[in-house]
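Visitor: Have a look at this prediction, sequence included:
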Amino acid sequence: MKTNVLGYPRIGSQRELKKASEKYWKGAVAFDALYETGKNIRKQNWLLQRELGVDLIPSNDFSFYDQVLDMSLTVGCIPDRYHALKNDKDQIDLYFAMARGIQRDGYDITAMEMTKWFDTNYHYIVPEFEKQQEFVVFSSKIIDEYQEALALGIKTKPVLIGPVTYLLIGKEKEEGFHRIALLEKLLPAYMELLERLSARDVEYIQFDEPCLALDLTQQEKEAVSHCYGEIAERFPHIKVILTNYFDCYGDNLTTVLSLPVDALHLDLVRCPSQLDDILNSDQLNKNMTLSLGVVDGRNVWKNDFESAVKTIEKAVAVLGEEKIWIASSCSLLHCPYDLELETDEKSLPAEVKQWLAFARQKVEEITTLKSIATGDNSAATIQKLEANRRANQIRKASRHIHNPEVKSRISQLTAADSKRISGFDMRKARQKEKLNLPQYPTTTIGSFPQTREVRSWRSQLKKNKISKAEYDELIKKETEETIRFQEDIGLDVLVHGEFERNDMVEYFGEKLEGFAFTNFGWVQSYGSRCVKPPIIFGDVLRKDPMTLKWSAYAQSLTTKPVKGMLTGPVTILQWSFVRNDQPGSLTCKQIALAIRDEVNDLEKAGLDVIQIDEPAIREGLPLRKEYWKEYLEWAVESFRISSSGVKDTTQIHTHMCYSEFNDIIASIAELDADVITIETSRSEMELLDAFVEFKYPNEIGPGVYDIHSPRVPTEDEMEKLLIKASELIPVDNLWVNPDCGLKTRDWPETRSALTNLVNTAKKMRARALSDGRD
Ligand SMILES: Nc1nc2c(c(=O)[nH]1)N[C@@H](CNc1ccc(C(=O)N[C@@H](CCC(=O)N[C@@H](CCC(=O)N[C@@H](CCC(=O)O)C(=O)O)C(=O)O)C(=O)O)cc1)CN2
Ligand SMILES: [Zn+2]
């Protein structure tokens, strides 16, 4: 029996990689310094896993930005616009130009697109394919890192994204072909890599094919069979581990069970039922090893040893100990580093802490499970089993998890609670009268620059270097300046700027009962950007208003409407670590009630416009279609519970970004928000198509400026986008706004970009007048 880790976090336990990367991008340090930081993180990760007793330790799970981008460099899939950078000696400026765009040394090249990795809050860089795409081994990262570990005396298991998943998660950049047709050209590059690894005596290679958690076409299934058939034939000595995670193999099971691979990995957290299906299948090849992903890589709860051991024993009974591995359900990338760093009782009470396991603890769980399952009767192992049983029992019986007040409110919910008083047409008329906005009204999505300064105030407050009163004064001043700035440039609906928030989800978690947080529980979201997802351990209750003070303050400064700013229930759920002892749908409704109370309080305080952000609604969509309907029903209902307690005259906005809307447009319409703002500029309004086709009835603000780039968009660029939008959407329904919040931007570019944005709206108004189509 072996222990198997699919991947380890790589940002560094103190976010060393984030800090080093950002210094390198600013030009403050040379690549050597960044390189050393990366090398140290790899070394620490490998040594730790060896020390804890992991048999299959991953390599190439490290990345300076993103593992999908690494794969693009590995197989030389580099869009033409970056070719001038190909001679760069470390390939690092090329790499970061693809990830982030480049605007210096005479270059002005946009970044590649970024999107969500399956149903996670991790974003990857989308591979771009041309019809005549060629692939050659361009980066030797996989080999280098394998060698680097060997030098430390560790023979690792290199991890690669499998060829079929790599193609399927990319995008065709021209018409007239399907990317899966590129497999024949891609395979030789993989073969070349395997050749080089085989020359270095590699024993195991892990191919990640999470596309196997999706509904695949016959052609795609055949591609999988073909690919692993070829690999087995060319490299009979290499032991191939095929991994899938985040859901069942489902009807791809017949395909994978007939593959000539050595080991098959199962995510038994997301899909426990597949083990029986496999063990009972006539197709099961008894030479195939099963890697049982019983330790949850997507959540922070302690494993339940008793139940995991039962699962393991069942598999051992069929295949024997030799053919069973104990594993994490997926890469531990989605978990924080180390629970032992958390020593602050106020954030994470000891009672809750004893229920948790982060990446390091999960690795210990994997090795302990092996000890238990292989009959180790040592005192240490028995004690670990006992401690685990006790912690889980205490959790089940804890009084802090259940709140009768919350449960009773949930039970009293009726259909009327998720319905606005009047239909959209009536509301629109009343809101028009009340708000009196011009055509092409302008607004922003909420946050303004979270500068180093603003963040340092929060950090000083935490360290008691400034008082709460001093902190509040500083935030007040920043808010006031931001209101004045918005007035000066002539925006129509203002925002308070979100300066008081560390993060749009963590902030709400800190204010709600039933949540705990961490101080070092960082998880990578994209590139150097990280989040600290809060932990929902019990029934959710809003004791006091959460945002009222800052919104009301901002509104008191101006006669223009200020938009109250809240994160929606689905997004709070999706971007937190959620309890696993009740369905997500129920937790979501509890959060919805808390947000509803906040919405109602904002209305009472005189805010006529309130935004409830739901950027994660699309990300939460189950990977398999059969579960979509159920999810969409409770997600829509939760949003509506939070938004329906207000008068007709109160305008409810929502916002979504990084989302494809085609599959869920009907549900988006059912949210019945008066206004939705979406990210559309990078795809040049392509995302609007779903709304146009559906004849989306309510108001809509398609983003006209890409906030993920420091580039300032010109008025001409934005005007072109708006003209396009005005040809697709009734002009009376159109808003003008950026793609998303401005928190990652700096002030100088924000000022110029928003000034250009307002000027563009003015031009559009003038144009409408002169066209006479008011
Ligand atoms: N949860 C979540 N998911 C999301 C988004 C989002 O906003 N939130 N946006 C989309 C894109 N993802 C993003 C994720 C993170 C960030 C981001 O900016 N993260 C910040 C951290 C935000 C934060 O928690 N800030 C804290 C802690 C800041 C910090 O680093 N403090 C320093 C000290 C600072 C100083 O003294 O100068 C430290 O702890 O070392 C605060 O402001 O209080 C970062 O990585 O830099 C942006 C986008 C999708 N998913
Ligand atoms: Zn957004």
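Guide: Okay, I see it. Just so you know, these numbers come straight off a predicted model, no measurement behind them. Numbering: from 1, shown residues only. Ligands and ions are numbered 1, 2, ... in the order given.
Visitor: helix, strand or coil for whichever residue of the stretch 501-650 of the chain sits closest to ligand 2?
Guide: Taking C-beta to the ion, ligand 2 has its nearest neighbour within the stretch 501-650 of the chain at residue 615, 4.6 Å off. Every C-beta, even on glycine, is put in place using the N, C-alpha and C of the backbone. Three-state assignment for residue 615 (DSSP: H, G, I helix; E, B strand; the rest coil): coil.
Visitor: Would you mind giving both backbone torsions of it?
Guide: Main-chain torsions, residue 615, degrees, to the nearest 10: phi -70, psi -20.
Visitor: Roughly how far does it sit from residue 504?
Guide: The gap separating residue 615 from residue 504 is 9 Å, by C-beta to C-beta, to the nearest Å.
Visitor: so what sits against both of the two?
Guide: residue 571 (C-beta atoms under 8 Å, 6 or more residues apart in numbering).
Visitor: Comparing those two, which residue is more hemmed in?
Guide: residue 615 (26 against 22; other C-beta atoms under 10 Å).
Visitor: Residues of the protein that sit close to ligand 1?
Guide: 121, 450, 452, 455-456, 458-459, 502-505, 525-526, 529-532, 575, 743-744 (C-beta under 6 Å from any ligand atom).
Visitor: Which of those fall in helices?
Guide: 452, 455-456, 458-459 (DSSP state H).
Visitor: Turn those residues into a markdown table, columns for neighbour count and pLDDT.
Guide: Below are those laid out as a markdown table (neighbours: other C-beta atoms under 10 Å; pLDDT from 0 to 100):
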| residue | neighbour count | pLDDT |
| --- | --- | --- |
| 452 | 8 | 95 |
| 455 | 12 | 97 |
| 456 | 13 | 98 |
| 458 | 18 | 98 |
| 459 | 11 | 97 |
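Visitor: And the furthest pair within those residues?
Guide: The span of those, defined through C-beta to C-beta, is set by 452 and 458 at 11.0 Å.
Visitor: Name the nearest of the ones in helices among the residues of the chain next to ligand 1 relative to residue 161.
Guide: residue 455 (33.8 Å).
Visitor: Does anything pack onto the lowest-mean-pLDDT helix or strand in the chain? Which helices or strands?
Guide: Counting by mean pLDDT, DSSP states H and E, the chain has its least confident helix or strand at strand 114-116, which shows a mean of 90. Under the contact definition 3 or more C-beta pairs under 8 Å, 6 or more residues apart in numbering; DSSP states H and E, strand 114-116 sits against strand 123-125.
Visitor: neighbouring contacts of the strand it packs on?
Guide: Here strand 123-125 makes contact (C-beta under 8 Å, 6+ apart) with 65-69, 72, 98-99, 111-117, 169, 525-526, 658.
Visitor: Where strands are concerned, which of the residues of the chain next to ligand 1 count?
Guide: 525-526, 529-531 (DSSP state E).
Visitor: which of those residues are buried?
Guide: 525-526, 530-531 (16 or more other C-beta atoms under 10 Å).
Visitor: For the helix ranked longest in the chain, what is the distance to the chain centroid?
Guide: Longest helix in the chain by number of residues (criterion: DSSP H): helix 747-771. The chain centre lies 32 Å from the centre of helix 747-771; the measure is C-alpha atoms, centre = their mean, to the nearest Å.
Visitor: Near the residue nearest to residue 714 when sequence neighbours are not counted, how many other residues are there?
Guide: Excluding the flanking residues, the one nearest residue 714 by C-beta to C-beta, 6 or more residues apart in numbering is residue 756, at 6.5 Å. Using other C-beta under 10 Å, residue 756 has 20 other residues around it.
Visitor: And for the one 4 residues further on?
Guide: The number of residues packed near residue 760 is 25, by other C-beta under 10 Å.
Visitor: from what I can see it touches residue 715, true?
Guide: Yes: contact between residue 760 and residue 715 holds when scored by C-beta atoms under 8 Å: they sit 4.9 Å apart.
Visitor: for the chain, which spans come out with low pLDDT?
Guide: Along the chain, segments meeting pLDDT under 70 span 772-774.
Visitor: change it to 90
Guide: 87-90, 101-105, 108-111, 113-115, 658-660, 680-687, 706, 708-712, 767-774 (pLDDT under 90).
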